[in-house]
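Chemist: coordinates only, sequence not included:
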C-alpha cells in the first residue's frame with residue numbers, strides 16, 4: 001500500500017480526479033482536497049475504514065501500527081532515545097526526539113498520540129514527532145500511555161500527568177527549560193493534553209507553558225452539527241467507532257468529569273495559552289472550535305485555525321502535500337505562542 005499511495009500522489013491531479021470518479025466531495029460549505037479524496041478512496045478499497053469496531057482492540061492496534069506509516073512522507077533522520085518510567089502496575093515508554101539543530105534550554109513538547117484512547121502508539125506517531133522536532137527545533141517527548149479498554153479512565157491521563165512530573169524533574173538532564181514545556185496531542189491525545197492542564201491546576205502542580213490541541217475531543221455531551229454530518233462511514237470516524245472508543249474509555253458516570261470533558265471546567269480562565277487546530281471534514285471540528293471560543297471568552301490567549309479541505313487525522317497523512325504544508329504552517333504558529 002505504501003508504494004501504491006506514493007505512486008498515486010505523484011500522478012497529476014487531473015488524472016487522480018478521473019480515477020476516483022471526477023467528483024468533488026462537498027459538505028457543509030467545504031470542498032475536500034483531491035489528495036484527501038485519493039487517500040480515502042484507497043482506504044475504502046482496502047476496507048480499512050469499515051467494520052473495525054467489530055474486530056477487537058488488539059487486532060485494530062496491530063493493524064494501525066503496521067499501516068500508519070504508509071500514509072506518511074519519509075521522516076527526517078534524528079537521534080531518538082527510549083526511556084522507561086515506572087507507573088503504578090508497571091512501566092511505560094517515553095521516546096525522546098533530538099533534532100539535529102537542538103539548542104540547550106529551549107522549548108520542548110510532551111506529546112500524546114491519538115487513537116480514541118484505545119489504539120495508537122509511539123510507533124504510529126513517530127513521523128509526526130520527527131517532523132515537529134525538525135520544524136520546531138525542539139525536543140519532543142512522546143508518551144506511550146496505557147490504553148483502554150484494559151486501562152480505562154483515568155489511567156491514560158494519570159500516565160501522562162506522571163510523564164509531565166518526570167520531564168520537569170529531569171529537565172536539567174535533558175537540557176530543556178522546565179518553564180518552557182508545552183503539551184500537545186491529536187484527537188484523544190488532544191483531550192489528554194487539555195485535561196492534563198486542568199488536572200495540574202486543580203492539584204496545584206506546575207502547569208505546561210502552552211497547550212497544542214490538534215482536532216481534539218473536548219466535549220462528551222455536545223450536540224454538534226459536524227458529528228451529524230461526518231460520521232456516515234466515509235470520514236474515518238464513524239458513529240459506531242466513536243461510541244466504541246467512548247465506551248472503552250469511560251463509564252457513564254465519567255462523561256461529565258472535567259478530567260474527561262474539559263468543556264465542563266468552570267475555571268478555564270486559568271488554563272495556559274492554546275493553539276487549537278481543526279479539520280473541515282471531521283466529526284470533532286465543531287467542538288474544537290467551540291472550545292477555542294470558550295477559552296477566548298474566558299480571557300485565554302487562543303490561536304484557532306481550521307483547515308477546511310482536510311480530514312480528521314491529517315497529521316498522519318503527510319504523503320499528501322497539503323497535509324505536510326499544514327504541518328509547516330502549524331509549526332510556525334506553535335513558535336509564535338506567548
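Modeler: Nice, thanks for sending it over. Predicted model only: the values in this text are computed from it and were never measured. Residues are numbered from 1 along each chain as shown.
Chemist: which residue ranges form the helices in the stretch 101-250 of the chain?
Modeler: 126-136, 155-169, 171-174, 188-202, 225-230, 239-249 (DSSP state H, counting those that start in this stretch).
Chemist: Show me what the mean pLDDT comes to for the first one.
Modeler: To tie it back to what came earlier, the one meant is helix 126-136. For helix 126-136, mean pLDDT is 98.
Chemist: Any idea which of the helices of the stretch 101-250 of the chain gets closest to residue 120?
Modeler: Distance to residue 120, taken as Cβ to Cβ, is lowest for helix 188-202 among the helices of the stretch 101-250 of the chain, at 7.6 Å. Quick note: C-beta positions are derived from backbone N, CA and C, even for glycine.
Chemist: Pull the distance from the closest one to the chain's centre.
Modeler: Between the centre of helix 188-202 and the centre of its chain there are 13 Å (Cα atoms, centre = their mean, to the nearest Å).
Chemist: Nearest spatial neighbour of residue 71, chain-adjacent residues omitted?
Modeler: With sequence-adjacent residues excluded and distances taken as Cβ to Cβ, 6 or more residues apart in numbering, residue 71 is closest to residue 317, at 4.8 Å.
Chemist: Report how many residues lie close to the one you found.
Modeler: Residue 317: 23 surrounding residues under other Cβ atoms under 10 Å.
Chemist: again with residue 82
Modeler: Residue 82 has 11 nearby residues by other Cβ under 10 Å.
Chemist: isn't it right up against residue 91?
Modeler: No. Look at residue 82 against residue 91 with Cβ atoms under 8 Å: they stay out of range, at 11.2 Å.
Chemist: give me every residue that touches the residue nearest to residue 71.
Modeler: The neighbours of residue 317, taking Cβ atoms under 8 Å, 6 or more residues apart in numbering as the test, are 36, 39, 71, 72, 311, 323.
Chemist: same question, residue 291
Modeler: 194, 213, 216, 218, 219, 262, 263, 276.
Chemist: Confirm it sits in a helix?
Modeler: Yes. Assignment of residue 291 by DSSP: H, G, I helix; E, B strand; the rest coil places it within a helix.
Chemist: and it, how far is that from residue 257?
Modeler: 16 Å (Cβ to Cβ, to the nearest Å).
Chemist: confidence score at the residue nearest to residue 71?
Modeler: pLDDT, read off for residue 317, is 93.
Chemist: Would you point out which residue is most central in this protein?
Modeler: Residue closest to the mean C-alpha point of the chain, counted by Cα atoms, centre = their mean, is residue 186 at 1.0 Å.
Chemist: Quick check on the residue nearest to residue 71: phi, psi?
Modeler: Note on residue 317: backbone dihedrals following degrees, to the nearest 10 are phi -120, psi 40.
Chemist: From residue 131, how far out is it?
Modeler: Taking Cβ to Cβ, one finds residue 317 at 12 Å from residue 131.
Chemist: and if you look at residue 107?
Modeler: Counting by Cβ to Cβ - residue 107 and residue 131 are separated by 16 Å.
Chemist: and if you look at residue 151?
Modeler: Counting by Cβ to Cβ - residue 151 and residue 131 are separated by 28 Å.
Chemist: what's in contact with stretch 156-173?
Modeler: So stretch 156-173 is contacted by 85, 87-88, 92, 94, 108, 110, 112, 117, 141, 143, 145-148, 174, 176-178, 181, 183, 192-193, 195-196, 199-200, 205-206, 208, 249, 259 (Cβ under 8 Å, 6+ apart).
Chemist: Please apply the same query to stretch 196-208.
Modeler: Here stretch 196-208 has contacts from 110, 157, 160-161, 164-165, 168, 178, 181-183, 193, 211, 258-259, 262, 265, 267, 270-272, using Cβ under 8 Å, 6+ apart.
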